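Trainee: Build me a model from this:
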Amino acid sequence: MLAALYQELLVTMQGVCRKSLQRHVGEDFYSVALYTSGEHAYVLDSLATLQGLERCARRYLAKPEWKERWGTLEIAMRKLKWSPCDSPYHCEFDREFKGVQNILNATWDQVGGIDDSSTEDYMDTCDAIKNTCVEVLRSIRDSGIFDVERVVFNVLMGDEDDESRLLNAEALNSDRVVSWYRRELEIDEVRLKALR
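Mentor: Next comes the predicted model:
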């Protein structure tokens, strides 16, 4: 089942990345991710560009409460940059993932479902799905579709802290990109050492 998931997810994400690059031609991509839930019940696309980020920040600043809180476009962009759900391209191609969803459903059915599986089966299945996502993103990264020194590849989840996002990114990006990402997330060395 995991081999089928890898193949379906890879083909789907390759197609999504190409479509996104065509639809947003000339934009500067900085994040290419697969987005999932804590229990890995679904996997979807989450891409971000600087131009999309600026449009999002301007929408926030048009509201008085956000204008008062952040003040400038620069601050608004910094606050929103690594919030995947604030990218206008987050889950932009979610309809493309129906085949992936069918395989995920079957994968969970094999172990009795998300809610009814044993703790061991649940944890093993979550790990296997996450590892499949990482392998797919490695293939996307290595395909040369994106500039790997200007894009953070990652597996992201809702309600996830920045430290977890950084740890996930380490498996997919060069040391230089991980260092840049850590600075962007404002995770200092003390916090980083506490993660280890």
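
Trainee: Under the pLDDT cut-off, which ranges of the protein? List them.
Mentor: Low-confidence segments of the chain, defined by pLDDT under 70: 189-196.

Trainee: could you redo the last one with a cut-off of 90?
Mentor: Within the chain, the stretches with pLDDT under 90 are 1-2, 38, 112-117, 158-160, 186-196.

Trainee: residue ranges of the strands in this protein, please?
Mentor: Ranges of strands in the chain, per DSSP state E, are 29-36, 43-49, 152-157.

Trainee: List the strands paired with the first one, with their directions.
Mentor: Think strand 29-36. Partners of strand 29-36 in the sheet, by DSSP bridges, are strand 43-49 (antiparallel), strand 152-157 (parallel).

Trainee: among the strands of the chain, which is nearest K130?
Mentor: Among these, strand 152-157 comes nearest to K130, with 6.1 Å by C-beta to C-beta. The way it works is simple: take the backbone N, C-alpha and C, and place the C-beta from them, glycine included.

Trainee: show me where the protein has helices.
Mentor: Applying DSSP state H to the chain gives helices spanning 2-23, 50-61, 64-70, 73-80, 98-110, 119-142, 162-170, 175-184, 189-195.

Trainee: Who are the contact partners of the nearest residue to P84 once chain neighbours are set aside?
Mentor: Distance criterion C-beta to C-beta, 6 or more residues apart in numbering; nearest residue to P84, sequence neighbours excluded, is S46 at 4.5 Å. Contacts of S46 were listed using C-beta atoms under 8 Å, 6 or more residues apart in numbering, and they are S31, A33, L34, Y35, P84, S87, Y89, H90, C91, L156.

Trainee: Roughly how far does S46 sit from P64?
Mentor: Distance, S46 to P64, by C-beta to C-beta, to the nearest Å: 29 Å.

Trainee: swap in L5?
Mentor: 46 Å.

Trainee: now D142
Mentor: Counting by C-beta to C-beta, the separation of D142 from P64 is 46 Å.

Trainee: repeat for I140
Mentor: Taken as C-beta to C-beta, the span from I140 to P64 is 40 Å.

Trainee: Just the buried positions in stretch 87-105, please.
Mentor: Residues S87, Y89, H90, C91, E92, F93, E96, F97, V100, I103, L104 are the ones in stretch 87-105 that count as buried (16 or more other C-beta atoms under 10 Å).
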